[in-house]
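**Q** attaching a predicted model along with its sequence, questions to come.
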Amino acid sequence: MTKSCSFSRPLARRDFLRGLLLGGGALAGMALLPGPVRALALPDAAPYARTELFMGTFVRVQIAGCGEAQASEAAERALALGRRLASVYDRHDGGSPVSVLNAQGSLADAPAALRALLERAATLHARTPLFDVSVLPLLEWRRTAGAGANAAPRELRELVDARAVRVDGGRIRLLRQGMGITLDGIAKGAVADAISDELLRCGCADHLVDAGGDIVARGLAGGGRPWSVAVEDPQKRGRYPAILPLRDQAIATSGDYEQPAAHLCDPRSGAASRLRSCSVLADRCVLADALATGLSLLPAARVAEAAAGHAAASLAVDAGGRTLSSPNWPA
């Protein structure tokens, strides 16, 4: 279920969407940031931009329609909030609340943000069972089992059950000994939403947040144009399966961009994804992130119907490189 970039080591990053500020559909005259996340802007319409490194990836904020002083202060506040949330959700940090929960099986006085995200994850799991934050035991098995292994040992499969992650008041419990959770398939979307919401509170209604490929676009870019994002070809052949104008929408993608698709793990068996990538367009990035994770484990022909059940749009790239989009995917 989980994706390769979120809160993980540098060689396992999920940087699938390239945030683009385009003008008139042109792909020329653009500046390239260092590192695996590209943010491209026409020089004559570039908004305020700030980039920081956390969650194992580049997080970039672009703001239009605000003065530099206001935009700078808003970006500082929003990115600081993002860093605080990331430190709560990061299972790779031995001192984070998620790491303590995994090590001890329970967490007293759990942060409100973690409780809220787990409750959201449980609601999504009830509607999309392939999205399961308790998949960590199978994910760890998958990393050492080899590409040909499709069924994890029974004792590991029995540790995976999102219903056994219990949030009770301020306490979180894992009801089966040996369980573990990963928020890699939902937390970056939640952080991107939180950064966007803080920018709105600061009066910056026109902005784009690109958290390593989990993207929130609000309002308009410079010059009154919508923000534009491009979904990268999983095989990196210099083309984009989709370039979309976005306004008040979010998008996320899961796939085998940085490493084989074994990092996307079926919570029922441990089997790897059969899709090259799955992109989801939704009103909130936390939803797009979770659906891109869960739906990437479906056959390509079933992704569109499943996304429609959440009022979301989808674009799947199957093992043969064919793209299958939902009827509501932008042309």
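**A** Here it is on my side, so go on. Just so we're clear, the structure is a prediction, and the values are computed from it rather than from any experiment. Numbers count the residues shown, from 1 in each chain.

**Q** quick one, helices of this protein?
**A** Secondary structure of the chain, counting by DSSP state H: helices at 68-89, 97-104, 112-127, 136-145, 154-157, 187-201, 285-295, 300-308.

**Q** buried deepest among those, which one?
**A** Of all the helices of the chain, helix 285-295 has the most neighbours on average by mean count of other Cβ atoms under 10 Å, namely a mean of 30. No exception for glycine: its C-beta is placed from N, CA and C like everyone else's.

**Q** still on that earlier bit, out of the helices of the chain, which is closest to R276?
**A** In terms of Cβ to Cβ, the element of the helices of the chain nearest to R276 is helix 300-308, at 9.2 Å.

**Q** and the helices of the chain as CSV, adding distance to R166?
**A** Formatted as CSV, the helices of the chain follow (distance: least, Cβ to Cβ, whole Å):
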stretch, distance to R166
helix 68-89, 18
helix 97-104, 11
helix 112-127, 9
helix 136-145, 16
helix 154-157, 20
helix 187-201, 19
helix 285-295, 19
helix 300-308, 27
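
**Q** mean pLDDT lowest for which of the ones you listed?
**A** Per-stretch averages of pLDDT across those put helix 136-145 at the bottom, with a mean of 88.

**Q** L175: which of the helices of the chain is closest?
**A** helix 97-104 (12.2 Å).

**Q** which neighbouring elements make contact with that closest one?
**A** Applying 3 or more Cβ pairs under 8 Å, 6 or more residues apart in numbering; DSSP states H and E, we find helix 97-104 packed against helix 68-89, strand 106-107, strand 171-174.

**Q** change it to 7 Å
**A** In terms of contacts (3 or more Cβ pairs under 7 Å, 6 or more residues apart in numbering; DSSP states H and E), helix 97-104 is packed against strand 106-107.

**Q** hang on, L220 packs against P226?
**A** Yes. If you go by Cβ atoms under 7 Å, L220 and P226 touch, sitting 6.2 Å apart.

**Q** so what sits against both of the two?
**A** The contact sets of L220 and P226 overlap at R247 (Cβ atoms under 7 Å, 6 or more residues apart in numbering).

**Q** which one of those two has more residues nearby?
**A** Applying other Cβ atoms under 10 Å to L220 and P226 shows that L220 carries more neighbours, namely 18 against 15.

**Q** nearest residue to the more buried one other than its sequence neighbours?
**A** In this structure, L220 finds its nearest non-sequential neighbour in D206, 5.2 Å apart by Cβ to Cβ, 6 or more residues apart in numbering.

**Q** got a list of what the one you found touches?
**A** Neighbouring residues of D206 by Cβ under 7 Å, 6+ apart: 63-65, 218-220.

**Q** quickly list the domain ranges of this structure.
**A** The record's domain parsing of the chain by automatic domain parsing lists 10-86+186-325, 89-174.

**Q** start to end distance for the last one?
**A** Taking Cα to Cα, to the nearest Å as the measure, domain 89-174 stretches 16 Å from start to finish.

**Q** can you give me the offset of it from its chain's centre?
**A** Here the centre of domain 89-174 is set off from its chain's centre by 16 Å, with Cα atoms, centre = their mean, to the nearest Å.

**Q** where in the stretch 201-331 of the chain is pLDDT low?
**A** Within the stretch 201-331 of the chain, the stretches with pLDDT under 70 are 233-242, 256-263.

**Q** for it, what spans make up the strands?
**A** Chain-ordered strands for the stretch 201-331 of the chain, with DSSP state E, counting those that start in this stretch as the definition, fall at 206-211, 214-218, 227-231, 242-246, 249-255, 277-282, 313-317, 323-325.

**Q** make JSON lines out of these and add distance to G169.
**A** Shown next, in JSON lines, are the strands of the stretch 201-331 of the chain (distance: least, Cβ to Cβ, whole Å):
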{"stretch": "strand 206-211", "distance to G169": "30"}
{"stretch": "strand 214-218", "distance to G169": "30"}
{"stretch": "strand 227-231", "distance to G169": "40"}
{"stretch": "strand 242-246", "distance to G169": "39"}
{"stretch": "strand 249-255", "distance to G169": "31"}
{"stretch": "strand 277-282", "distance to G169": "30"}
{"stretch": "strand 313-317", "distance to G169": "36"}
{"stretch": "strand 323-325", "distance to G169": "43"}
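
**Q** so for G185, which of the ones you listed sits nearest?
**A** The nearest among these, by Cβ to Cβ, is strand 249-255 at 7.7 Å.

**Q** alpha carbons only: can I get that closest one in CSV?
**A** Taking C-alpha atoms only, strand 249-255 is exported to CSV below (Å, rounded to 0.1, in the frame of the first residue of the first chain):
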residue,chain,number,x,y,z
GLN,A,249,-8.0,20.8,-6.7
ALA,A,250,-5.4,18.3,-5.5
ILE,A,251,-3.5,15.5,-7.2
ALA,A,252,-1.3,12.6,-6.2
THR,A,253,0.3,9.7,-7.9
SER,A,254,1.6,6.3,-6.9
GLY,A,255,3.8,4.1,-9.1
